[in-house]
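*Asks:* structure here, sequence nowhere to be found:
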């Protein structure tokens, strides 16, 4: 059942103050959860093909009873009982989080209502700020201690929207045309909402757990995690220390008509993010009398060309082998055949297949370390000869290679003593998590049960998430997804970080239910 309410109550279920975030009237229906809204629990039915499965309620340990519906009161925070289903609560939390603009900090404002909600059901929760307004919520549900804790991690900061041509307001969320639109709908507030709802339901149902379940909703992931996970690991490690973690970085792909799940990806690795600065120096002076042989811009240009032509060795890592095999079933020729052969010959890659795959930017990035020039800097004025010319080269490094190896390759490729090559800030690096074991096996088993027509694969992210910090600190992190979408939707520009970020509404609930089942099985 959809939780919808008038715009004036668009975040009432989480207790946000009226008027926050400058709500505006738009076409379509604003996603909302009104305070005091009574939602009846409905009986589960066997779904037809293409219909998302319904979520069965959890029962308390030793009890066969389901959660009882009750009216929400006091802004949705006063009562420990929740009036709706698990999926409805996840949906309501999702809408409340998206309503708060966290693109320039302010995470604490989004987290305060959730902290009160956790306390209302007896879950220990606190907001720890790394800087004023940069809050990180940590909640812990105690288990027996027979196993080490499970960490559920999601970030609630989002990238800015300034300058982007949105057709709906990015804040709050808008439900229109079968989609939920808004900044953070996919990255990463759907995950935050699902994990929060899972912990709330586990607390209410008093499910017996062998592990502590720790929820961490963090700040600053989009800018490297310095205000969030990195800060917590450095300053409050005891709050989030765990054996395993679930985080973003997996995937859930829908068919082009959005009727079924075709792929579930288990994120086990990601490429390291590291930038290097190239510097060439010169004597400077007036641009009307340049000195032959003293042009740092020309020296730098030659180096940038060499970097642009550099191709790191290609190979098929174990982490992407099953993904290549699955992708061969939906890609067209000649990609399909090359992907199939690559998955069969892994880690080796035939030259003819490398040539085909290298022409696809997505698959090329899965095969090798990549470096590309992203920034250039020279003289501060057009009639001044530069005393230095600089370029920033951004590299995405395979998980079994190092930043030091990449630096050495750049220096060797440029082969010019006039060019200084130095690494920029350390953005963190972590090894791959095992592709076998309890956690990936559990995710695969439950994915096959929930989405029987989907391929289940391990995957490597070419982007960066907070999992690199967890893995680098010894916590085994696995990527999952709370916001399914189709390849066509991504190619149309409706993915994370772009304008009109959106996700199919009908699949948000089933994705949250799938994550709930994964958490329960790992933590029980």
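*Replies:* Received the coordinates, thanks. Note that the coordinates shown come from a computational prediction; the quantities given were computed from them, not determined experimentally. Residues are numbered from 1 along each chain as shown.
*Asks:* the residue nearest to residue 138 when sequence neighbours are not counted: what's it in contact with?
*Replies:* Nearest non-adjacent residue to residue 138, counting by CB to CB, 6 or more residues apart in numbering: residue 239, 4.7 Å away. C-beta here means a position set from N, CA and C on the backbone, and glycine is covered the same way. When contacts are counted by CB atoms under 8 Å, 6 or more residues apart in numbering, residue 239 touches 128, 138, 140, 214, 216, 232.
*Asks:* for the first one, grab the count of nearby residues.
*Replies:* Residues near residue 128, counting by other CB atoms under 10 Å, number 20.
*Asks:* ok, now the second one?
*Replies:* Residues within reach of residue 138, counting by other CB under 10 Å, total 21.
*Asks:* that one and residue 214 touch, don't they?
*Replies:* Yes - using CB atoms under 8 Å, residue 138 is in contact with residue 214, at 6.8 Å.
*Asks:* which residues are in contact with each of these two?
*Replies:* When contacts are counted by CB under 8 Å, 6+ apart, the set common to residue 138 and residue 214 consists of 239, 240.
*Asks:* sorry, back to before: nearest to residue 381, of the contacts of residue 239?
*Replies:* The nearest member of those to residue 381, counting by CB to CB, is residue 232 at 44.4 Å.
*Asks:* which pLDDT value belongs to that closest one?
*Replies:* Here, the pLDDT recorded for residue 232 equals 98.
*Asks:* got the phi and psi for it?
*Replies:* Main-chain torsions, residue 232, degrees, to the nearest 10: phi -60, psi -40.
*Asks:* quick one: buried residues of stretch 384-400?
*Replies:* 385, 386, 388, 389, 390, 391, 393, 395, 396, 397, 398, 399 (16 or more other CB atoms under 10 Å).
*Asks:* ditto for stretch 406-415
*Replies:* Under the neighbour-count criterion of 16+ other CB under 10 Å, stretch 406-415 has 406, 407, 409, 410, 413, 414 buried.
*Asks:* so residue 518 touches residue 444, yeah?
*Replies:* No - Residue 518 is beyond contact range of residue 444, at 10.1 Å (criterion: CB under 8 Å).
*Asks:* more neighbours, the two?
*Replies:* Higher neighbour count among residue 518 and residue 444: residue 518, with 22 against 15, using other CB under 10 Å.
*Asks:* show me what contacts the more buried one?
*Replies:* Counted by CB under 8 Å, 6+ apart, residue 518 has contacts 246, 442, 443, 446, 480.
*Asks:* 7 Å instead?
*Replies:* Going by CB atoms under 7 Å, 6 or more residues apart in numbering, residue 518 touches 442, 443, 446, 480.
*Asks:* going by neighbour count, which of the residues you listed are buried?
*Replies:* 442, 443, 446, 480.
*Asks:* which stretches of the stretch 201-350 of the chain form strands?
*Replies:* With DSSP state E, counting those that start in this stretch, the ranges of strands along the stretch 201-350 of the chain come out as 213-218, 244-247, 251-254, 261-270, 272-281, 285-286.
*Asks:* so for residue 304, which of the ones you listed sits nearest?
*Replies:* Set against residue 304 and scored by CB to CB, the strands of the stretch 201-350 of the chain come closest in strand 272-281, at 7.2 Å.
*Asks:* buried residues in the closest one, which are they?
*Replies:* Residues 272, 273, 274, 276, 278, 279, 280, 281 are the ones in strand 272-281 that count as buried (16+ other CB under 10 Å).
*Asks:* list phi and psi for the residue nearest the centre of the chain.
*Replies:* In the chain, the residue lying closest to the centroid (CA atoms, centre = their mean) is residue 248, at 3.8 Å. Per-residue torsions, residue 248: phi -70, psi 170 (degrees, to the nearest 10).
*Asks:* list the contacts for it?
*Replies:* Going by CB under 7 Å, 6+ apart, residue 248 touches 154, 188, 191, 465, 479.
*Asks:* and which of these is nearest to residue 360?
*Replies:* Among the contacts of residue 248, residue 479 lies closest to residue 360 (CB to CB), at 21.8 Å.
*Asks:* that closest one: neighbour count?
*Replies:* Counted with other CB under 10 Å, the neighbours of residue 479 add up to 25.
*Asks:* all numbers from here: first residue = 339
*Replies:* Sure, I'll start counting at 339 from here, so that last one is residue 817.
*Asks:* tell me if I'm right that it and residue 605 touch.
*Replies:* Yes - the pair residue 817 / residue 605 is scored as a contact, 2.0 Å apart, by CB atoms under 7 Å.
*Asks:* between the two, what contacts are shared?
*Replies:* Counting by CB under 7 Å, 6+ apart, the residues touching both residue 817 and residue 605 are 587, 588, 799.
*Asks:* surely the second one touches residue 601?
*Replies:* No - Residue 588 is beyond contact range of residue 601, at 10.2 Å (criterion: CB under 7 Å).
*Asks:* ok, back up a step: among the buried residues of stretch 722-738, which are in strands?
*Replies:* Under the assignment DSSP state E, the buried residues of stretch 722-738 contribute 723, 726, 727, 728, 729, 731, 733, 734, 735 to strands.
*Asks:* now the residues you listed in JSON lines, with distance to residue 791 and pLDDT?
*Replies:* Listed next are these as JSON lines, based on distance: CB to CB, whole Å; pLDDT from 0 to 100:
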{"residue": "723", "distance to residue 791": "64", "pLDDT": "96"}
{"residue": "726", "distance to residue 791": "58", "pLDDT": "97"}
{"residue": "727", "distance to residue 791": "55", "pLDDT": "98"}
{"residue": "728", "distance to residue 791": "52", "pLDDT": "98"}
{"residue": "729", "distance to residue 791": "48", "pLDDT": "98"}
{"residue": "731", "distance to residue 791": "43", "pLDDT": "98"}
{"residue": "733", "distance to residue 791": "38", "pLDDT": "97"}
{"residue": "734", "distance to residue 791": "32", "pLDDT": "96"}
{"residue": "735", "distance to residue 791": "35", "pLDDT": "96"}
